[in-house]
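>>> Sharing a sequence plus its predicted fold:
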Amino acid sequence: MSNDLKRVGLIVGREWSMPPALIEEINSRDQGVVAEFARLGGTRENEPCPYDVLVDRISHEIPYYRTYLKNAALQGTRVINNPFMWSSDDKFFGASLATELGVAHPKTVVLPNRDYIPDITSESLSNLEYPLDWDAILDYIGLPAVLKDAYGGGWKEVYIVKSKEELLYRYNDAGRLTMVLQEFIKWEHYVRVMVLGQSWVLPMKYDPGERRYYVEHEHMSQELGDRVVGDSLKLCKALGYDMNTLEFAVRDGIPYALDFMNPAPDMDIYSLTPVYFRDVINAMADLCIRYAQMGRVDYQGEIVWNKFMSGGL
């Protein structure tokens, strides 16, 4: 392999369709960039990273990978997505961020954990008000409501609660998870949006119940489409994510951002449909090649936290 070639490495889990398709697409472009599955193991401190770009699809489930990616970022590798931001996000921060940015979002309350590790005693929790004022919380959120893990994904630990009793049952069963309670948006239209490189946007009609995309290109009015695209870009730029999906529930013509921290979005061909899959692969290849050709991040001898959070860009 020529030393002049730029290298893209993919870190993946059980995916079978997206990774080989992306590798093939990048390698077929003949733009001085080659892609492959990254090989990792036994990383030394400050070890140089052989890749100019790393695409991270699985570090949220493999802690060693997340640790490796932070070291790679220190070496100037451009990581999609930034492991420092990904390590620090949560759904409640996202709710506050959306509100701050002027993006419509359901009312949200973060709840103290129900249980803690054994060494945590009542003295350790002296700052917490107890018991929680559940009536006041429900007066704000309303019923039905959505209870979900603030750090979760993939529809895990998500419950629609229709009464105070059901809420308390689910909350008491949550254990050490940090849960958020959120207003339920009864929608008439639902959109899932793929955003790549904080610039390429693909809004797709989606049914969250069936977890199915519909290939209908004209499924929104111009006004609604412009707002969904604008809100998607606004959120991704604020979060610093180069690979993300966002979900909007449309009620009375207003798109409410429900879920927009999906830094390892589903890119399977059967999920996206062959039509959208090809669009996403092409856009991902464009992004990887562009970042590889930009060269590694040069911190210019100034190693500060905000440069890691921004990916050095």
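Alright, I've got the coordinates.

>>> The closest residue to residue 51 other than its chain neighbours bridge partners, please.
Nearest non-adjacent residue to residue 51, counting by CB to CB, 6 or more residues apart in numbering: residue 9, 4.0 Å away. For the C-beta atoms, the positions are set from N, CA and C on the backbone; glycine is no exception. For residue 9, the beta-bridge assignment (DSSP bridges) gives partners residue 36, residue 54.

>>> Surely residue 9 touches residue 55?
Yes - using CB atoms under 8 Å, residue 9 makes contact with residue 55 at a distance of 7.2 Å.

>>> Model confidence score at the residue nearest to residue 51, please.
Looking at residue 9, its pLDDT stands at 98.

>>> Tell me where this structure has helices.
18-28, 63-74, 83-86, 91-101, 134-141, 164-172, 222-239, 269-294, 305-309 (DSSP state H).

>>> roughly how far apart are the residue nearest to residue 51 and residue 281?
17 Å (CB to CB, to the nearest Å).

>>> swap in residue 230?
Per CB to CB, residue 230 is found 25 Å from residue 281.

>>> if you skip the residues just before and after it, what's nearest to residue 265?
Nearest non-adjacent residue to residue 265 (CB to CB, 6+ apart): residue 245, at 3.8 Å.

>>> still on that earlier bit, tabulate the helices of the chain (CSV), appending mean neighbour count and distance to residue 117.
CSV is the format used below for the helices of the chain (neighbours: other CB atoms under 10 Å; distance: least, CB to CB, whole Å):
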stretch, mean neighbour count, distance to residue 117
helix 18-28, 18, 37
helix 63-74, 18, 18
helix 83-86, 20, 24
helix 91-101, 17, 21
helix 134-141, 14, 25
helix 164-172, 15, 17
helix 222-239, 17, 30
helix 269-294, 18, 37
helix 305-309, 13, 28
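
>>> among those helices, which is nearest residue 214?
Evaluated over these, closeness to residue 214 peaks at helix 269-294, with 8.4 Å, by CB to CB.

>>> quick check: mean pLDDT across the closest one?
98.

>>> for stretch 68-87, same thing?
Mean pLDDT, stretch 68-87: 92.

>>> Same check on stretch 199-218?
Mean predicted lDDT for stretch 199-218 stands at 95.

>>> For it, give the distance from the opening residue to the closing one.
20 Å (CA to CA, to the nearest Å).

>>> Let me see the domain layout of this protein.
Per automatic domain parsing, the domain ranges recorded for the chain read 6-84+284-309, 107-183, 189-262.

>>> one step back: to residue 151, which of the helices of the chain lies closest?
Across the helices of the chain, closest to residue 151 is helix 91-101 (CB to CB), at 7.4 Å.

>>> Now the domains of the chain in JSON lines, please, with extra columns for distance to residue 277.
Shown next, in JSON lines, are the domains of the chain (distance: least, CB to CB, whole Å):
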{"stretch": "domain 6-84+284-309", "distance to residue 277": "7"}
{"stretch": "domain 107-183", "distance to residue 277": "19"}
{"stretch": "domain 189-262", "distance to residue 277": "10"}
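
>>> Next, the contact list for residue 79, please.
53, 54, 56, 69, 72, 73, 311 (CB atoms under 8 Å, 6 or more residues apart in numbering).

>>> Nearest residue to the spatially most central residue of the chain in space, ignoring adjacent ones along the chain?
Centroid check for the chain by CA atoms, centre = their mean gives residue 262 as the closest residue, at 2.1 Å. Excluding the flanking residues, the one nearest residue 262 by CB to CB, 6+ apart is residue 245, at 4.4 Å.

>>> about what we covered before: closest one to residue 101 among the domains of the chain?
domain 189-262 (5.3 Å).

>>> now that closest one: how far from the chain's centre is it?
Offset of domain 189-262 from its chain centre (CA atoms, centre = their mean, to the nearest Å): 13 Å.

>>> Quick one: end-to-end length of that domain, please.
Termini of domain 189-262 sit 20 Å apart (CA to CA).

>>> what does stretch 156-174 give?
End-to-end distance for stretch 156-174: 12 Å, by CA to CA.

>>> Then stretch 115-125?
Note: stretch 115-125 ends 11 Å apart using CA to CA.

>>> ok, back up a step: can you redo the helices of the chain as TSV with distance to residue 256?
Formatted as TSV, the helices of the chain follow (distance: least, CB to CB, whole Å):
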stretch	distance to residue 256
helix 18-28	28
helix 63-74	31
helix 83-86	23
helix 91-101	9
helix 134-141	14
helix 164-172	21
helix 222-239	10
helix 269-294	23
helix 305-309	27
